[in-house]
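Chemist: Okay, predicted coordinates and the sequence, questions at the end:
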Amino acid sequence: MTEKVIVIYSGGMDSFTVLNKAILDGKQPVALSFNYGQRHKKELDYAKRACEMLAVPHKIVDISAINSLVGGSALTDDIDVPEGHYEEPSMQQTVVPNRNMILISLAVGYAVSQKANAVYYGAHSGDHAIYPDCRPEFVQKMKEVCAIANYEKVDVVTPYLHHSKTDILTDGLRMGLDYQYTWTCYNGREKACGKCGACQERLEAFKENEAVDPLEYE
């Protein structure tokens, strides 16, 4: 019997690669996306389109009410999105307090109800300097607590925890993935800005892989 897993799916490069990796590893993924009050919904539109293309069950949940509790981020509030390299101190403006703990907790609850054995999410080494909830020590503690939080043990799986964005793209290109189905830019305009930290990291990954990004940029 194929193992069912829940993939926290933002619509970006990392979660797209994780979702496809789960499929190729023989899992039966259900994609779970969240509207948590982010400044644009474009990534959710891309998530929906990719799941339709992959014929993967996809659930989008509106939890935007939490924005009144966990504001103060450039991703949720009326704060300018910082430009420049992904690891610059200014990128801390994009931290949404406790986001991944909240999303993982909800995904684990969904996993129990769906009789799924694991929750996958796309933390990677490039996030470690900026986002505490993408660091190995956080993932380890979440694995421990999610093993005892319910009668059913749910594993937290991070296939690329110790890999860079470039490594993720390398693996995705090896799998033959088409990244036109992903959105990375922190701005939600018609085209990607090419200037925010997320765009810069994405473009750098394509450059280091000697590949062409299929997205259009301003």
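Modeler: The structure has been received and is ready for your questions.
Chemist: Low-confidence ranges, the chain, go.
Modeler: In the predicted model, the chain carries pLDDT under 70 at residues 1, 39, 70-96, 126-129.
Chemist: max-length helix in it?
Modeler: Criterion DSSP state H: the longest helix present in the chain is helix 99-113.
Chemist: buried stuff in that helix?
Modeler: Using 16 or more other C-beta atoms under 10 Å as the test for burial, helix 99-113 gives 99-100, 102-108, 110-112. To be clear about C-beta, it is placed using only N, CA and C from the backbone, and glycine gets the same treatment.
Chemist: mind checking how far the residue nearest to Ile66 when sequence neighbours are not counted is from Ile60?
Modeler: Leaving aside its chain neighbours, Ile66 sits nearest to Tyr36 (6.1 Å; criterion: C-beta to C-beta, 6 or more residues apart in numbering). Note on Tyr36: its distance to Ile60, by C-beta to C-beta, to the nearest Å, is 11 Å.
Chemist: tell me what the lengthiest strand in the chain is packed against?
Modeler: Criterion DSSP state E: the longest strand present in the chain is strand 28-35. With contacts taken as 3 or more C-beta pairs under 8 Å, 6 or more residues apart in numbering; DSSP states H and E, strand 28-35 sits against strand 4-8, helix 13-24, helix 42-54, strand 58-62, helix 99-113.
Chemist: contacts for the third one?
Modeler: Contacts of helix 42-54 from elsewhere in the structure, counted by C-beta atoms under 8 Å, 6 or more residues apart in numbering, are 9-12, 15-16, 19-20, 23, 31, 33, 35, 57-58, 60, 181-183, 185, 188.
Chemist: Pull out the buried residues from these.
Modeler: Buried members of the contacts of helix 42-54, counted by 16+ other C-beta under 10 Å: 9-12, 15-16, 19-20, 23, 31, 33, 58, 60, 181-183, 185, 188.
Chemist: List the buried residues in stretch 24-41.
Modeler: Residues 27, 29-34, 36-39 are the ones in stretch 24-41 that count as buried (16+ other C-beta under 10 Å).
Chemist: now do stretch 42-55
Modeler: Of the residues in stretch 42-55, those buried (16+ other C-beta under 10 Å) are 42-44, 46-51, 54.
Chemist: In TSV: those, plus distance to Ala65.
Modeler: Converted to TSV, these look like this (distance: C-beta to C-beta, whole Å):
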residue	distance to Ala65
Lys42	21
Glu43	19
Leu44	16
Tyr46	23
Ala47	20
Lys48	21
Arg49	26
Ala50	26
Cys51	24
Leu54	30
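Chemist: can you tell me which of these lies nearest to Lys165?
Modeler: Closest approach to Lys165 among those (C-beta to C-beta): Glu43, at 15.9 Å.
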